[in-house]
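[1] what follows is a predicted protein model with its sequence.
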Amino acid sequence: MGKFQSTKLFDGFSCVFRQWKAEGTHCRFLHGYGVSFRVWFEGELDERNWVWDFGGMKRAEGTIDGMNPKVWMDFMFDHTTIIADDDPFIALFRKMHDEDLIQLRIIPATGAEQFSKYIYEKLNTFIQEETKGRVKITKVEFMEHSKNTAIYTEL
């Protein structure tokens, strides 16, 4: 028996981050990219014959971290500085945020691979709640400009 999947590309984000543990590479410095991510949805069709409404993030009833999912995406990735929660300069980044120099976002780990996992975990929880288990996220591909991508896939 077959299964239904659909994908959606979320793009137009610009953010700065660093991977402080990347000794010996330029990735340990703050650097920015135009970023996007593609999400794979899988599940049963709804009454409209859709796996997931492509505009559904804007029209969702549920939230991610208390925000509409589209608002959450902008909050996290649009003109933000993202650092890991164990970055040794976290106090300096917090000060820059407090001085209104950056829009700081702190997550467990940074880098394309970790961003794909972070987005997967946030969106999969949301989608399963929003669709009452009818749909799940199976994969997220995070892209730094159009050249570098990393994928996180469900087990």
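    Thanks, I have it. Numbers count the residues shown, from 1 in each chain.
[2] show me what counts as buried in the least confident helix or strand in the chain by mean pLDDT.
    Of all helical and strand segments in the chain, the minimum by mean pLDDT, DSSP states H and E falls on helix 56-59, at a mean of 92. Residues 56-57 are the ones in helix 56-59 that count as buried (16 or more other Cβ atoms under 10 Å). C-beta coordinates here come from the backbone N, C-alpha and C atoms, glycine included.
[3] just give me how far it sits from the chain centre.
    Centroid separation for helix 56-59 versus its chain: 15 Å, with Cα atoms, centre = their mean, to the nearest Å.
[4] repeat that for stretch 62-74.
    11 Å.
[5] show me where pLDDT drops low in the protein?
    Judged by pLDDT under 70, the chain has its weakly predicted residues at 1.
[6] and the strands in it?
    4-17, 31-43, 80-84, 104-107, 135-144, 148-153 (DSSP state E).
[7] quick one: contacts for the nearest residue to Thr81 once chain neighbours are set aside?
    Among residues not flanking Thr81 along the chain, Ile102 sits closest, at 4.2 Å (Cβ to Cβ, 6 or more residues apart in numbering). Residues counted as contacts of Ile102 (Cβ atoms under 8 Å, 6 or more residues apart in numbering) are 16, 80-81, 93, 96.
[8] also Thr63?
    For Thr63, the contact set (Cβ under 8 Å, 6+ apart) comprises 69, 72, 126.
[9] go ahead and confirm the second one touches Asp65.
    Okay, so that is Trp72. Yes: in this structure, Trp72 is within contact of Asp65 by Cβ atoms under 8 Å, at 6.0 Å.
[10] more neighbours: which of these two?
    Taking other Cβ atoms under 10 Å, Trp72 and Asp65 do not tie; Trp72 has more neighbours (19 against 11).
[11] report the separation between that one and Thr7.
    19 Å (Cβ to Cβ, to the nearest Å).
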